[in-house]
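Peer 1: Following is a predicted model, sequence given first.
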Amino acid sequence: MIRNYLKTTLRNLWNHKAFTFINVFGLAAGLTACLLIGLYIQHELSFDQFHQNGSRIARVVMHYSIEGTANKTVMTGTKVGPAFRRDFPEVEGFVRVSDPAHSQSTVVVKQGDLLFNEPRFCWADSSFFDFFSFKLLKGNPKTVLNAPNQVVLTASTARKYFGIEEPVGKIIRLEDKVDYLVTGIAEDAPSNSQLQFDFVASFHSLSAAKTETWWNANYVTYLLLRPSTSVAALQSKIAAYMRQQSAETEMTGNNFVTYLLEPLADVHLYSEAQGGMSAAGDITYVYIFLVIALLILVIAATNYMNLTTARATERAKEVGMRKVLGAFRGQLFWQFLSESLVLTLVALALSLAAAAAFLPSFNQLSQRQLSFDVLFQPVGILSLMGIWLLVSFVAGSYPALALSYFQPIKVLKGAFKNTASGLLLRKSLIVLQFIISVFLIVSTLVVNNQMNFIQNKKLGYDKQHIIALPTDGRINKNLKALKNEFTQNPNVKNVALAYETPTFIQWGDGVETVGTSNPVQKMITAFPGDEDLAKTLDIKIIAGSDLTEADMQLLNAEDDSKSDYRFLINETLAKQLGWKSQEAVAKKIKLGGRLGEIKGVFRDFHFASMKQPIGSLGIFPVTWGNVLLVKMTGNNIPQTLSFLENKWKTLAPHRPFSYTFLDEEYRQMYANENRISRVFTVFAGLAILLACLGLFGLVAYTTAQRTKEIGIRKVLGASVLGITALLSKDFLKLVLIAIVIASPIAWYAMNEWLKDFVYRMDIQWWVFGLAGVVAVGIALLTVSAQSIRAALMNPVKSLKSE
């Protein structure tokens, strides 16, 4: 019986090659998209799942509030881990890890003649490799970081510096002044790890390791909880515990500092805290990808259902003969369902080959390192079998039921015709396909427009033609000489020193008014820099004046308590302190304990993501920093960069000339959104292609069924245009219905997505108009191609066709 099913199935598929090709190609394309998206979703959900103790590890988030301004950050002081282990029996251990991305600084590593800026250099407690399941290829996990000036390299980093030589026991030099002993080699961190590093050095090497403080938050703290400990139960104790520490934290009244615990497995997709060692994901985007995959699969499956039920009249006599010869309805059902199983299996095999071919391009599109090996593990194989069976039954069950239901007497008398219910189903499926297509078109337009809005919105400072150069203390001591050399080039406008770039400023500090009857305290963002910072970034001073070299002379490098500071604050901070912009000038304040007066007020600018409102910001002068900002005119950029590199090699030979453009750094802040934009565009195009493919096949079949009618109309004088319009109008009506249904759905979905942005574009009516025009235009081209071909047929041949 099975052999007969298979033989009949293969014969039928071979005899109708055009429809077989359309069905196989459509299902294969849809399954390919689903496989690639499935790999992406699996990768996102697998973050940090490889750690053996992962279910017992929690990341600590600092939650603090001053005068009603609350913040959450992943950065903590050095005391959190040790104090929690001492005072909470639920805590078995802790690890503190420095976050190189937090300060935007890099470490210069030298080995022999090799010299590199290393952005992924971090320090961690000695228990790091016992705590996390990063495999050590060489070295003892308990001793590789148990003494100062020890470092573990990843395998790729070891090859970079030592080639085929044995790296363990060798020395690398940091910042051209401190030697570190290589004590171990670790496997490269997996791509689904939030902790990404090339070097891990011993935390004991840092001066910060000698003291414990709740503040000076520069480290990420992880806790290892004892088995069976509930994160929620421990969390309920922390607030009261931190209130007991108020004398030390100096947080009283409504001000507070406490800590939140995030299970390690939730960090990547669910954390709301700022910062982290790698770009965080978002569970919302996982859902979006899942919906896209399902929608594409629905379109592919409906194509199969539509074309199979449309061909019902051709197979009616086959069904009638089989029933007369004694076939049961169940046998016929499985016969037709076997066609779906075979066709889907062929499509799945093709989709596996296509997914393997397209995976490198998809990795580049999604900015992930996805592996095809996941599909050939037991879970992956079971998932593929499940997809095969699910798609086969969903796509093939209704056509199989419809075909097996035919009554043999009516069929053999030639009285059978496609039923009204079958016609209604096919029309409904076309509408469904184009609802999905229009939804994806609108979504793509909105996402792309929002990304363009963000990229082109005036930030309040100028990020164009500015490069960021990592710097250090040796360069900063001779900064004046370097600035003079750089600005000799007419294409260099300004050079400024800053603690970090303005793209996403993370320095948090407190400000307090001085000399007022009711002192006001606020938690603000601080932006340390020198006197050229505002000029380089073109920050507009709206009251008072900018910092000058004379203001820098008021700083006392030996004893900061003797410094007399001049501050710049933004409009928002002036208002929060109770002053108009002009009134704020010359007022006394303390910013992070630094006493001085406000010299100028500058116009608000965006110093964080567009998902956040502009907050309060203060600039205070410093002679130290991590980055040089070099503003160029934009003329002859390659030659200007070459000039800067030559000067750098002369003035700072101990540090490589390594730079990033500020506008590129800004774009990276929206990596998730840009990735979604690109994926939306690609898969919306695929969805439209599949919808048009199904429509093309259905129109081809419909015109073939109406060949005699077309011939009669031509004999009676109908024009090509008239026949084309006749054949096209019914399908175009369905597309218009789809546009009407899809538009409000798309508006609601995109409006919800845009709520994540404080600064957002409005969804304009033309987006829906353009999506409708695109959908109608594509459908019209698809339908017209077949309609015109049918209308141009010789009526003599048409009348002989039946």
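Peer 2: Arrived safely. Residues are numbered from 1 along each chain as shown.
Peer 1: Quick check: bridge partners of V108?
Peer 2: N117 (DSSP bridges).
Peer 1: Do I have it right that it meets D176?
Peer 2: Yes - at 6.7 Å, V108 counts as touching D176 under the criterion of CB atoms under 8 Å. For the C-beta atoms, the positions are set from N, CA and C on the backbone; glycine is no exception.
Peer 1: can you count the residues close to Y499?
Peer 2: By the criterion of other CB atoms under 10 Å, Y499 has 21 neighbours.
Peer 1: any idea how far it is from L770?
Peer 2: 45 Å (CB to CB, to the nearest Å).
Peer 1: swap in T154?
Peer 2: T154 is 48 Å from L770, by CB to CB.
Peer 1: okay, these two: which has more neighbours?
Peer 2: More crowded of T154 and L770, by other CB under 10 Å: T154, with 21 against 14.
Peer 1: can you map out the helices along the stretch 451-600 of the chain?
Peer 2: Assigned by DSSP state H, counting those that start in this stretch, the helices in the stretch 451-600 of the chain fall at 473-477, 479-486, 533-537, 549-552, 571-576, 581-584.
Peer 1: Just list the residues touching A208, thanks.
Peer 2: Remark: with contacts taken as CB atoms under 8 Å, 6 or more residues apart in numbering, A208 is in contact with T78, N216, N218, Y219.
Peer 1: Next: I57.
Peer 2: Per CB under 8 Å, 6+ apart, neighbours of I57: H51, F131, F132, Y222, L223, L224, L225, P263, L264.
Peer 1: What is the nearest of those residues to S658?
Peer 2: S658 has its nearest neighbour among the contacts of I57 in F132, at 28.7 Å by CB to CB.
Peer 1: tell me the SS of P167?
Peer 2: coil (DSSP: H, G, I helix; E, B strand; the rest coil).
Peer 1: correct me, but it touches I185?
Peer 2: Yes - contact criterion CB under 8 Å: P167 and I185 qualify, at 6.2 Å.
Peer 1: Residues that sit against both of the two, list them.
Peer 2: Common neighbours of P167 and I185, counting by CB under 8 Å, 6+ apart, are L153, A158.
Peer 1: just to revisit the earlier point, save the helices of the stretch 451-600 of the chain as JSON lines, and put in mean neighbour count too.
Peer 2: Below are the helices of the stretch 451-600 of the chain laid out as JSON lines (neighbours: other CB atoms under 10 Å):
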{"stretch": "helix 473-477", "mean neighbour count": "15"}
{"stretch": "helix 479-486", "mean neighbour count": "17"}
{"stretch": "helix 533-537", "mean neighbour count": "23"}
{"stretch": "helix 549-552", "mean neighbour count": "14"}
{"stretch": "helix 571-576", "mean neighbour count": "20"}
{"stretch": "helix 581-584", "mean neighbour count": "17"}
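Peer 1: quick revisit: for V108 and D176, list the residues in contact with both.
Peer 2: Counting by CB under 8 Å, 6+ apart, the shared contacts of V108 and D176 are H654, R655.
Peer 1: and these two? which has more neighbours close in?
Peer 2: The neighbour comparison of V108 against D176 (other CB under 10 Å) goes to V108, with 21 against 14.
Peer 1: contacting residues for the more buried one?
Peer 2: Taking CB under 8 Å, 6+ apart, one finds L115, F116, N117, E118, L174, E175, D176, D472, H654, R655, P656 in contact with V108.
Peer 1: Per-residue pLDDT of the third one, please?
Peer 2: pLDDT recorded at N117 is 91.
Peer 1: Report the separation between it and D198.
Peer 2: 11 Å.
Peer 1: Mind checking which of the two has more residues around it?
Peer 2: Between N117 and D198, counting by other CB under 10 Å, D198 is the more crowded of the two (22 against 17).
Peer 1: Tell me where the model's unsure across the stretch 651-800 of the chain.
Peer 2: Residue ranges of the stretch 651-800 of the chain with pLDDT under 70: 697, 700-701, 703-707, 786, 790-800.
Peer 1: Can you show me the strands along it?
Peer 2: For the stretch 651-800 of the chain, strands defined by DSSP state E, counting those that start in this stretch occupy the ranges 660-661.
Peer 1: which of the residues in stretch 536-548 are buried?
Peer 2: Burial within stretch 536-548, assessed by neighbour count using 16 or more other CB atoms under 10 Å, is assigned to T536, L537, D538, I539, I541, A543, G544, D546, L547.
Peer 1: For my notes, please list the residues you listed in CSV and give pLDDT and distance to R426 for each entry.
Peer 2: CSV is the format used below for the buried residues of stretch 536-548 (pLDDT from 0 to 100; distance: CB to CB, whole Å):
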residue, pLDDT, distance to R426
T536, 97, 65
L537, 96, 61
D538, 96, 61
I539, 96, 62
I541, 97, 68
A543, 96, 70
G544, 96, 73
D546, 96, 71
L547, 96, 72
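Peer 1: And the helices in the stretch 651-800 of the chain?
Peer 2: Under DSSP H, counting those that start in this stretch, the stretch 651-800 of the chain gives helices at 662-668, 671-705, 707-715, 720-754, 765-791, 795-800.
Peer 1: packing partners for the fourth one?
Peer 2: Meaning helix 720-754. helix 420-456, helix 671-705, helix 707-715, helix 765-791 (3 or more CB pairs under 8 Å, 6 or more residues apart in numbering; DSSP states H and E).
Peer 1: Take the ones you listed and lay them out in TSV including distance to K631.
Peer 2: Converted to TSV, these look like this (distance: least, CB to CB, whole Å):
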stretch	distance to K631
helix 420-456	20
helix 671-705	25
helix 707-715	70
helix 765-791	37
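Peer 1: And the ones you listed: which comes nearest M242?
Peer 2: helix 671-705 (32.4 Å).
Peer 1: helices or strands up against the closest one?
Peer 2: Right, helix 671-705 is packed against helix 17-45, helix 283-310, helix 329-366, helix 420-456, helix 720-754, helix 765-791 by 3+ CB pairs under 8 Å, 6+ apart.
Peer 1: tell me which residues of the fourth one are tucked away?
Peer 2: What it means is helix 420-456. Result for helix 420-456 [16+ other CB under 10 Å]: buried residues 422, 425-427, 429-451, 453-454.
Peer 1: what number of residues lie near Q639?
Peer 2: By other CB under 10 Å, 11 other residues sit near Q639.
Peer 1: element containing it?
Peer 2: Per DSSP states H and E, Q639 falls inside helix 637-651.
Peer 1: What residues of that helix count as buried?
Peer 2: Buried, per 16+ other CB under 10 Å, within helix 637-651: T640, L641, F643, L644, K647, W648, L651.
Peer 1: and which of the contacts of V108 is nearest V391?
Peer 2: E118 (48.0 Å).
Peer 1: Give the full set of residues in contact with that closest one.
Peer 2: E118 neighbours (CB under 8 Å, 6+ apart): T106, V107, V108, V109, D198, F199.
Peer 1: what do you get for N751?
Peer 2: Contacts of N751 by CB under 8 Å, 6+ apart are I763.
Peer 1: what is the rounded mean pLDDT of stretch 202-222?
Peer 2: pLDDT averaged over stretch 202-222 gives 92.
Peer 1: how far does it sit from the chain's center?
Peer 2: 31 Å (CA atoms, centre = their mean, to the nearest Å).
Peer 1: Over to stretch 49-64?
Peer 2: Using CA atoms, centre = their mean, the offset of stretch 49-64 from its chain centre is 22 Å.
Peer 1: Also stretch 781-788?
Peer 2: 40 Å.
Peer 1: Residues touching it, excluding its own?
Peer 2: By CB under 8 Å, 6+ apart, stretch 781-788 touches 692, 695-696, 699-700, 703, 720, 723-724, 727-728, 731-732.
Peer 1: Buried members of these into PyMOL, please.
Peer 2: In PyMOL syntax, the buried subset of the contacts of stretch 781-788 is picked out as below (16+ other CB under 10 Å):
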select buried, resi 692+695+696+699+700+703+723+724+727+728+731
